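[1] Model the structure of this input:
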Amino acid sequence: MGVNFDLNDLQAFRAVVELGSFRKAAEAVSISQPALSRRIEKLEEALGVRLFERTTRSVTLTTVGRVFAPSAEQLLDDLDVALLGIRDVSSSRLGHVTIACVPSVAYYFLPNVIASYHRRFPRIRVKLLDSSANEVLGAVISGEADFGVSFMGSQESDLEFKVLLQERFVAACRRDHPFARKKRVTWNELYEHEYVSVDKTSGNRLLLDQALSAVAPRVPSVCETRHVTTMLGLIEAGLGVAAVPSMAMPGHDHPILTSVPLVEPVVKRRVGIVTRRGRPLTPAAQEFHRTIIEMKRGGVAGSDAVGDHVTTKEKTRRKSAS
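    Below you'll find the model as predicted:
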């Protein structure tokens, strides 16, 4: 005897799992809450098990429900793949995608990617885990994130690292700082001024310590933080200067902050997409991955090819000097 449930019942189940609420799930699939409850009851009757524990305040999966949820998701994903080539299906697709990303990339680059993705797939929810480089790798390995965007991962055997771009470190400063009038700044010059740094838990700190073994600061930083975006806030408040990846800098029209290339040596980092080997991306994640690649080629994150990423102001300066 066959199992008597259909696609609508599975979609209702997935919506409740993702949103944790019958009311929100009903809104997501555009039906009434009683109708959604009937679909869940039909699915439970067909399977002969209870999938949710329901109280007046919460909805949680039962043990059997937690086992069934990945299978239901896979069935819907397989169907989604089959429908990818059908015109106009994108606007009605449901699902979710989770991206882990280092904050320096998340703040200025990913918002444009997410906005473009949302226009194409308005009913797919995006969850962004803005975390340290090590936490990004952990989220990808554990499966918490579909994939990551980071500058670390190429040495991990469980992960694949596809380079998106290469960017250099620049000196971030206020427009009224003496550095703002210079064409370039050496690392030794940077350390002659009050500066802010990232602490030892930061992946950027590890990268800089390795690249600057011959450059020793004379005095410690006035403040340490874990994230580059926090450093920029401190610089904006007048707390000195800082070495930051060029992608972390705001646009050339920022009223307070600007940047100058750092030299002697030029320190670069590679930013790329991190995926787990042997685990295919869901259709929603595949589309997000494709959107990142397309927008990178379009120049959102720097040059069209993998190369040095420079700030808009630096490009303007170079053009006027040539």
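[2] pLDDT weak spots in the stretch 201-322 of the chain?
    298-322 (pLDDT under 70).
[3] which stretches of it form strands?
    Listed in chain order, the strands of the stretch 201-322 of the chain (DSSP state E, counting those that start in this stretch) span 223-225, 241-245, 257-263, 268-276, 308-309.
[4] For the ones you listed, give me TSV that also has distance to G148.
    In short, each C-beta sits where N, CA and C put it, glycine included. Listed next are the strands of the stretch 201-322 of the chain as TSV, based on distance: least, CB to CB, whole Å:
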stretch	distance to G148
strand 223-225	21
strand 241-245	16
strand 257-263	26
strand 268-276	4
strand 308-309	18
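[5] which of these sits most buried?
    Most buried of these by mean neighbour count (mean count of other CB atoms under 10 Å) is strand 241-245; its value is a mean of 25.
[6] so what does it touch, helix or strand wise?
    For strand 241-245, the elements it packs on are strand 159-174, helix 187-190, strand 195-198, helix 228-236, judged by 3 or more CB pairs under 8 Å, 6 or more residues apart in numbering; DSSP states H and E.
[7] could you redo the ones you listed as TSV and give each row distance to G138 and mean neighbour count?
    Shown next, in TSV, are the helices and strands packed on strand 241-245 (distance: least, CB to CB, whole Å; neighbours: other CB atoms under 10 Å):
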stretch	distance to G138	mean neighbour count
strand 159-174	11	21
helix 187-190	31	18
strand 195-198	19	23
helix 228-236	19	20
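[8] will you turn these into CSV that also has distance to E45?
    Converted to CSV, the helices and strands packed on strand 241-245 look like this (distance: least, CB to CB, whole Å):
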stretch, distance to E45
strand 159-174, 42
helix 187-190, 68
strand 195-198, 56
helix 228-236, 51
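[9] Quick one, which of these gets closest to K24.
    Of all the helices and strands packed on strand 241-245, it is helix 228-236 that lies closest to K24, at 30.7 Å by CB to CB.
[10] Report the distance from the closest one to the chain centre.
    19 Å (CA atoms, centre = their mean, to the nearest Å).
[11] what angle separates that helix from strand 241-245?
    Put simply, helix 228-236 runs at 150 degrees to strand 241-245, going by axes from the mean of the first three to the mean of the last three CA atoms, to 10 degrees.
[12] hmm, who's touching helix 228-236?
    103-104, 107, 172-174, 196-198, 204, 223, 225, 240-242, 244-245, 248-250, 256-257 (CB atoms under 8 Å, 6 or more residues apart in numbering).
[13] All good on my end, thank you.
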